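Participant: Make a model of this:
(chains A and B)
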Amino acid sequence: MTVLKTSLRNFLAHKGRMALSAVAVLLSVAFVSGTLVFTDTMNTTFDKLFASTASDVSVSPKGAAAADESPQTGRPESLPASLVEQVRKTEGVQAAVGAIASTSVTVVDADDKNVGPTSGAPTIALNWSPNELRSVELVDGHEPRGPTDVVVDGATAEKHGLKIGDELRTIAVDGDFTAKISGIVDFKVTNPGATLVYFDTATAQRELLGKEGLFTQVQADAKPGVSDDALKADIAAAIGDGYKLQTAAEAADAGREDVAGFLDVMKYAMLGFAGIAFLVGIFLIVNTFSMLVAQRTREIGLMRAIGSSRKQINRSVLVEALLLGIVGSVAGVAAGVGLAVGLMKLMSSMGMELSTRDLTVAWTTPVVGLALGIVVTVLAAYIPARRAGKVSPMAALRDAGTPADGKAGRVRGGLGLALTAAGAAALWAATRAEEAGPGSLWLGLGVVLSLLGFIVIGPLLAGGVVRALGVVVLRVFGPVGRMAERNALRNPRRTGATGAALMIGLALVACLSVVGSSMVASATDELDRSVGADFIVQSGTGQPIVPQAQAALEKVTSLDHVTEYKWVDAKVTDTRGRTTTADLAATEPTYMQDLRRETASGTLADAYGKDAMSVGSDYATEHGVKVGDVLTVAFTGGGKAKLKVAAITADTGQVDNGAMYTDVSTVARYVPADRMPKSLLILASAKEGQETQAYEAVKDALAPYPQYKASNQADYKEDLKDQVGQLLNIVYGLLALAIVVAILGVVNTLALSVVERTREIGLMRAIGLSRRQLRRMIRLESVVIALFGALLGLGLGMGWGTAAQKLLALEGLGVLEIPWPTILTVFVGSAFVGLFAALVPAFRAGRMNVLNAIASE
Amino acid sequence: MTSAVTIPRHGGTGGRTAVAARARQVVKAYGTGETRVVALDAVDVDIARGRFTAIMGPSGSGKSTLMHCLAGLDTVTSGEIHLDETEITGLKDKKLTQLRRDRIGFIFQAFNLLPTLSAIENITLPMDIAGRKPDAEWLRRVVDTVGLSDRLKHRPNQLSGGQQQRVAVARALAARPEIIFGDEPTGNLDSRAGAEVLGFLRQSVDELGQTIVMVTHDPVAASYADRVLYLADGRIVDEMERPTADAVLDRMKDFDARGRTS
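Facilitator: The predicted model follows:
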């Protein structure tokens, strides 16, 4: 009881000193619970969406692609209309409706602007049927009644300023067609971002599927009393094999599974970053409690002298930690819900609509948040608590001057060196790895060990590094700089822990920036070496390149040639009868100029001959295939072909590794025209000296097709760089949390040491140190701690990054590039972080009353 | 060494008055209204240059407050304090800090030294802060006088209490301040170490012409001074020239007795 009382009093008496630790706990817990709430909410949103759209039983073609994938042919798999009738007649069916849905479309407004989502969500073209009214309601105009009517969803209409009567052009594989907006629908549940357009059934069939009398799905609803499963069995019996049947529950599960993968990746990535923040927070908590215990040494000594047991002292500190954990975690869980709402708003601004209506706080969220926050806090306080228990009763009698924390010991040095050496060895092993699998294990081990090693050895390094920094940075500031240096060195363990907290975040930043820029450099290098094409045309939405866009490109006169590139699904059987599934790269002989490939044997040009192909050297080795061998290729949706291997390409580069090339005309002989895949991308080269005009002309030709993007090599490289840059920025943004916690740690250390050094500060002020000098001294100490953390972190991170690049060289990441500007910016930036962290502590030290500070009684 | 040493001071010696510091009608009060407590009640005092002045008085008499005000550590409620020709009442913190740094030396009862700095660094700290070079010759002499030549590289926690106070004395002397203020400088020392430190203070007055003001409640310490001022209830109630420990003690007893009977 008394333990609780003293703990509570101490906690309340020092709540200011605990505040930053509480904030650190709060931030980490908020991030965890925010992530959980956010992903749970997304799940709820999708669950509701799938539940609202699914019929009791749906019948789809067997080969139907997942809802958000564009089939290679540019046209979804279809079913005959007669099947609808067949299903309708089945026992137990209340109603059956034929439905059409295609994601292989792009819808543009009058200015040729894509009205589809930019967030990666699909544009879906549907036929209007009564079933649609389950998920949407018509809020304006009327349903589509003829070939010139189209209905669009309200969110899209609002975003692009569309209204009734506006003309929309739909780009589908069988050509473009236009329709005027006849109505606008709103979703009854949250639509997370897809653009929807509805046509009347005949138009949808004609324009999306190529001819009337086809559907992509039959949707059946059960009579009352008939279960979905029973209905599914009955329909299966009635229509026979060859179809994919799903009950509403199965369809929802399948839909959820599609989304779950993405959501899980996001969830675990964010939790990972929260974990890093927690790790950093531990340093802050350890430091806080160490300093509180040190400041309270006399008091604890007195408690011991009057008879408190070690255990009681120990427990009293842990109870304080418990209180801190509870306060921080409760606030953290609340802040987490706020964070999730903020995240949803952010996603909405990026085109992914989420509604707070669906906000889901599972009971596990607060439990996990509280448990994590409290357990981590108490664990972190354990070492300082133990140290408090060890305070001797004699401490009460000694002078209370700043306690000299024991010098970092030899054991620590040995352990740290051993860990660091083991980490370095593991990293070295990773660079030597022959295979990516074991190599990445070595890499992970090396990262963890070297990090631990640096954390352990940090206080020892603090001495050397701070002195070195002192020579460079502090000496300029004369005696003030010298005192700052001494202060930073005074308690190496504290400086080490404070710096280490910053080190963790910055090491990850450095590592990722090295890997990122090596990625860009390697890809650029590869492009320079292998790509001969001037222009690359790619789809931004996943819709394969429609023939009308390709035709427009072929009309550009300043182009020397246009090469189409398709992937054809096939089963390839080698001479010994072993079959593998492969995508054949069907292209044209000009492709050899567009992408330079080395051949291991044979002549690549011959592979474009009649009934010929090439294989990659890996495949050739594995299957014992030589030039001249004949492989059996069974094209999906087409016939079987016997193709002669005319060349074996060397799988050394990064682009098109292992591709099996064949001529488009060869494929065309075995695959019927309507099953022929459309081009995945198109390469083109300008006529000699007409590069600039050609680029403009290509862009003009593609202007009506905004889903495709043409880039020349320079722009392509720039895009690549931007993409990697964007990805890195997201990761840096997430790491910012850990860095913020680390900065709080610096503030905390400084603030507590200012309190601890009250008398010293008073003395210095009394003998003539000006406020400015005093503030500068504290700022410099802060800068030195920050630079110490930055130096360690950047060094460690560059080591990790280099090891990762050497390992990834196996995957084509051949060029190591250290992004010095970034590294330097981070280093200089951390000096500013130090300045910033010292703002409040320095201000408070300057404001300290000289007399109070030196009052000796 | 009894020869009068001419003490080179910055600012020159010309026009110097015999009074190093003076207080006129100094009032220091805390709180307002009913809770108003007067620590100094219209105090007038002159501190003679080149002399050793002790301020005595019982606890709560205002002796420390008077010293803090004279030294520019504390502000006064009313009245004027001059250090030489400079009026320090009303100076801004910046000027006061400079004044303390350049013209005043301090010796506190405890915690006089920065634990991170060595003895010599502590001694030269005020000059370092000011960005001035210490006069090497003078520094050597001060260090020799206090007998610390072989301990200069030591950190404070490697020195005994007496040695620490001697470092503090050396620091106060090294910058050649116009005035040194001591706040019970021997309060934490045993009688032998205390006598040593007081001896140095006396010596620096006699040999170096230093002006020293010391607050103490120890009659023996006060007996090292040239003049003792007695403070009670915020007023100067008496003074004594050339005190001896016994005389001081007797006087104190008088006050105590009067205090009890009044």
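Participant: Need the pLDDT of residue 158.
Facilitator: No chain was given, so I picked chain A. We have a pLDDT of 89 for A:E158.
Participant: Wait, chain B was what I had in mind.
Facilitator: Here, the pLDDT recorded for B:Q158 equals 87.
Participant: how near is it to B:V167?
Facilitator: 11 Å (CB to CB, to the nearest Å). The way it works is simple: take the backbone N, C-alpha and C, and place the C-beta from them, glycine included.
Participant: Which one of these two is surrounded by more residues?
Facilitator: Using other CB atoms under 10 Å in any protein chain shown as the criterion, B:Q158 and B:V167 rank with B:V167 on top: 26 against 12.
Participant: Which residues are in contact with that one?
Facilitator: With contacts defined as CB atoms under 8 Å, 6 or more residues apart in numbering or on different chains, B:V167 is in contact with B:112-113, B:119, B:122-123, B:146, B:148, B:156, B:159.
Participant: isn't B:P243 right up against B:A225?
Facilitator: Yes: with contact defined as CB atoms under 8 Å, B:P243 counts as touching B:A225 (6.4 Å).
Participant: what's the overlap in contacts for those two?
Facilitator: Counting by CB under 8 Å, 6+ apart, the common neighbours of B:P243 and B:A225 are B:A54.
Participant: Compare the two and say which is more crowded by neighbours.
Facilitator: Higher neighbour count among B:P243 and B:A225: B:A225, with 27 against 21, using other CB under 10 Å.
Participant: Tell me who's in contact with the residue in chain A positioned nearest to chain B.
Facilitator: Chain B sits closest to A:G768 of chain A, with a gap of 2.3 Å, by CB to the nearest CB. Residues in contact with A:G768 (CB under 8 Å, 6+ apart) are B:97-98, B:100-102, B:104, B:126, B:129-130.
Participant: now do A:L415
Facilitator: So A:L415 contacts A:V456 (CB under 8 Å, 6+ apart).
Participant: could you point out which element follows the helix or strand containing it?
Facilitator: A:L415 belongs to helix A:410-432 when assigned by DSSP states H and E. Note on helix A:410-432: by DSSP H and E, the next helix or strand toward the C-terminus is helix A:436-469.
Participant: what is the mean pLDDT for the helix or strand just after that following helix?
Facilitator: Remark: after helix A:436-469, the chain's next helix or strand is helix A:478-490, criterion DSSP H and E. Mean pLDDT, helix A:478-490: 85.
Participant: While we're on the residue of chain A closest to chain B, how confident is the model there?
Facilitator: On the pLDDT scale, A:G768 is placed at 86.
Participant: Next, it: secondary structure please.
Facilitator: Three-state assignment for A:G768 (DSSP: H, G, I helix; E, B strand; the rest coil): coil.
Participant: burial count for the residue of the stretch 51-200 of chain B found nearest chain A?
Facilitator: Here the stretch 51-200 of chain B gets closest to chain A at one residue, B:R101, 2.3 Å apart by CB to the nearest CB. Around B:R101 there are 23 other residues, counting by other CB under 10 Å.
Participant: ok, now B:R51?
Facilitator: Neighbours around B:R51, by other CB under 10 Å: 18.
Participant: Need the nearest residue in space to A:K717, chain neighbours excluded.
Facilitator: A:T524 (5.2 Å; CB to CB, 6 or more residues apart in numbering or on different chains).
Participant: What is the burial count for the one you found?
Facilitator: 18.
Participant: Does anything pack onto the helix or strand it falls within? Which helices or strands?
Facilitator: Following DSSP H and E, one finds A:T524 within helix A:492-530. If you count contacts as 3 or more CB pairs under 8 Å, 6 or more residues apart in numbering or on different chains; DSSP states H and E, helix A:492-530 packs onto helix A:248-295, helix A:436-469, helix A:713-756, helix A:771-808, helix A:820-847.
Participant: Same question for that helix: list its buried residues.
Facilitator: Buried residues in helix A:492-530, counted by 16 or more other CB atoms under 10 Å in any protein chain shown: A:492-524, A:526-527, A:530.
Participant: Heading C-terminal from that helix, find the next helix or strand.
Facilitator: Per DSSP H and E, the first helix or strand lying C-terminal to helix A:492-530 is strand A:535-539.
Participant: Distance from the chain centre to that following strand, please.
Facilitator: How far strand A:535-539 lies from its chain's middle: 25 Å, per CA atoms, centre = their mean, to the nearest Å.
Participant: Direction included, what does it pair up with?
Facilitator: Paired strands of strand A:535-539, with direction, are strand A:681-686 (antiparallel), strand A:708-712 (antiparallel) (DSSP bridges).
Participant: Contacts for the next helix or strand after that strand, please.
Facilitator: For strand A:535-539, the following helix or strand on the C-terminal side (DSSP H and E) is helix A:547-554. The contact list for helix A:547-554 (CB under 8 Å, 6+ apart) reads A:171, A:173, A:175-176, A:537, A:559, A:562, A:564, A:678-679, A:682, A:684, A:698, A:701-702, A:704-705, A:708.
Participant: Apply the buried test to those and list what passes.
Facilitator: Applying a neighbour-count criterion of 16+ other CB under 10 Å, the buried members of the contacts of helix A:547-554 are A:171, A:173, A:176, A:537, A:559, A:562, A:564, A:678-679, A:682, A:684, A:698, A:701-702, A:705, A:708.
Participant: ok, so of these, who is nearest A:Q72?
Facilitator: A:K678 (6.6 Å; CB to CB).
Participant: contacting residues for that closest one?
Facilitator: Going by CB under 8 Å, 6+ apart, A:K678 touches A:72-74, A:173, A:544-547, A:566.
Participant: Please repeat the previous calculation with a cut-off of 7 Å.
Facilitator: Residues in contact with A:K678 (CB atoms under 7 Å, 6 or more residues apart in numbering or on different chains) are A:72-74, A:173, A:544-546, A:566.
Participant: Turn those into TSV, columns for pLDDT.
Facilitator: Below are the contacts of A:K678 laid out as TSV (pLDDT from 0 to 100):
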residue	pLDDT
A:Q72	78
A:T73	82
A:G74	81
A:V173	88
A:P544	89
A:I545	91
A:V546	90
A:K566	91
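Participant: before we move on, the earlier item: relative to helix A:478-490, how tilted is the helix holding A:T524?
Facilitator: 90 degrees (axes from the mean of the first three to the mean of the last three CA atoms, to 10 degrees).
Participant: Next, the angle helix A:771-808 makes with helix A:492-530.
Facilitator: 40 degrees.
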